[in-house]
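Colleague: Sharing a model that was predicted from the sequence below.
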Amino acid sequence: MSRMVGRPVVAGVDGSESSRRAARWAAAAAARRKVALSLVHAVDVTPYTAAAGYVPPQGLFEALLDEGREWLLTAKAEIGAAYPALSVEVEAEIAHPARMLLARSERAGLVVLGASGSGGLAGVLAGSTALALAAHGRCPVAVVRGPEPGLAPPDDGPVVVGVDGSPDSEAAVAIGFEEASLRGARLIAVHAWNGFDPDEYSAVRRFVDDWASIETSEREVLAERLAGWRDKYPDVDVRRVVSRRRPAPCLLRHAAGAALLVVGSRGRGGFTGMLLGSTSRTLVQHAPCPVIVARPAAGR
């Protein structure tokens, strides 16, 4: 059973257009799953209290909370018009944005963020909040990106999933099949195994006696990773891609025109203590479509 079933979708709202697009995307995700949507806003007091000897004016934080509540209610009204049957809750509190969302991820099926933010969720893409959630969240994390800054993400197209056999990748495959089934979309399963740039490849292949047999073996690996899921989701049309390119550029190429890209937080070559694998970090920052970063089972 999916780890998302029955758990609400949580979306961060900060008043920016990016977060409003993310909230609408989150609403569609919640409606597909028939679960509730929780819109949250965090007022980060750190910028107002960091300066030594500075005492914020009385009522400042309450005014910021009121502003956040207005953003939440505006987003809720927009979503209610589009999805009248969807249960939508709103919550604003004084908290560090990443810590607030990390706490919500304990009980959520999916946490959704915009690709850039302002106010309570400022700096989402540049670093902190989205990458922290993708690395440490207790549920899958979606960063809603479009083909260009300021443009809405695509509504249709295939779902692309990166497959490398790691526990994180297995979680990504599960989400990829579920998303493709819910959307009635094709699934493109991409296994990029070479790890060398094109310029390096010509030099490396001199030391490989039977490159074709290696590629055949990698195709078998991908087929094995997908076999059980294809039985569980017979409605999903799957295209298998095996590539000698590096994972990040290969996935970026296939994500062009896609509705969604799904990857693990760390790949087969990742280190357990890493904040976030280099491939996942690149995709969160540069993908032309929304990205879901999957999390492996708890206890890993």
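Modeller: Now that the structure is in, tell me what you want to look at.

Colleague: For the protein, which segments are assigned as helices?
Modeller: Using DSSP state H, the helices of the chain run over residues 17-33, 46-49, 60-82, 97-105, 128-136, 167-183, 198-204, 211-232, 247-255, 278-286.

Colleague: Just give me the neighbour total for the residue nearest to residue 155 when sequence neighbours are not counted.
Modeller: Leaving aside its sequence neighbours, residue 155 sits nearest to residue 259 (Cβ to Cβ, 6 or more residues apart in numbering; 6.8 Å). Just so you know, the C-beta spots here come from the backbone N, C-alpha and C atoms, and that holds for glycine as well. For residue 259, the tally of surrounding residues (other Cβ atoms under 10 Å) stands at 20.

Colleague: can you pull the contacts of residue 259?
Modeller: 153-159, 183, 185, 289-290 (Cβ atoms under 8 Å, 6 or more residues apart in numbering).

Colleague: ok, now residue 252?
Modeller: By Cβ under 8 Å, 6+ apart, the neighbours of residue 252 are 282-283, 286-288.

Colleague: Then residue 78?
Modeller: 20, 23-24.

Colleague: Looking at the residues you listed, spot the one nearest residue 140.
Modeller: residue 23 (17.0 Å; Cβ to Cβ).

Colleague: Low-confidence ranges, this protein, go.
Modeller: For the chain, applying pLDDT under 70 flags the ranges 1-5, 49-55, 117-128, 149-150, 194-214, 266-276, 297-300.

Colleague: care to break it down by domain?
Modeller: Domain ranges of the chain: 9-144, 159-294, per automatic domain parsing.

Colleague: First residue to last residue on the first one, what's the distance there?
Modeller: From the first residue to the last, domain 9-144 extends over 14 Å; the measure is Cα to Cα, to the nearest Å.

Colleague: Tell me the most packed of the contacts of residue 78, by neighbour count.
Modeller: residue 23 leads these on contacts (other Cβ under 10 Å) with 26 neighbours.

Colleague: Was I right to think that residue contacts residue 39?
Modeller: Yes. With contact defined as Cβ atoms under 8 Å, residue 23 counts as touching residue 39 (6.0 Å).

Colleague: Find residues that contact each of those two.
Modeller: 11, 13, 75, 79.

Colleague: which of those residues tops the neighbour count?
Modeller: residue 11 (34 neighbours).

Colleague: can you tell me how far that residue sits from residue 262?
Modeller: Per Cβ to Cβ, to the nearest Å, residue 11 is found 18 Å from residue 262.

Colleague: go on, residue 10?
Modeller: 18 Å.

Colleague: and the two? which has more neighbours close in?
Modeller: Ranked by neighbour count (other Cβ under 10 Å), residue 10 and residue 262 place residue 262 first, with 32 against 28.

Colleague: Now distance to residue 176 too, for the shared contacts of residue 23 and residue 39, in TSV please.
Modeller: Formatted as TSV, the shared contacts of residue 23 and residue 39 follow (distance: Cβ to Cβ, whole Å):
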residue	distance to residue 176
11	21
13	27
75	28
79	25
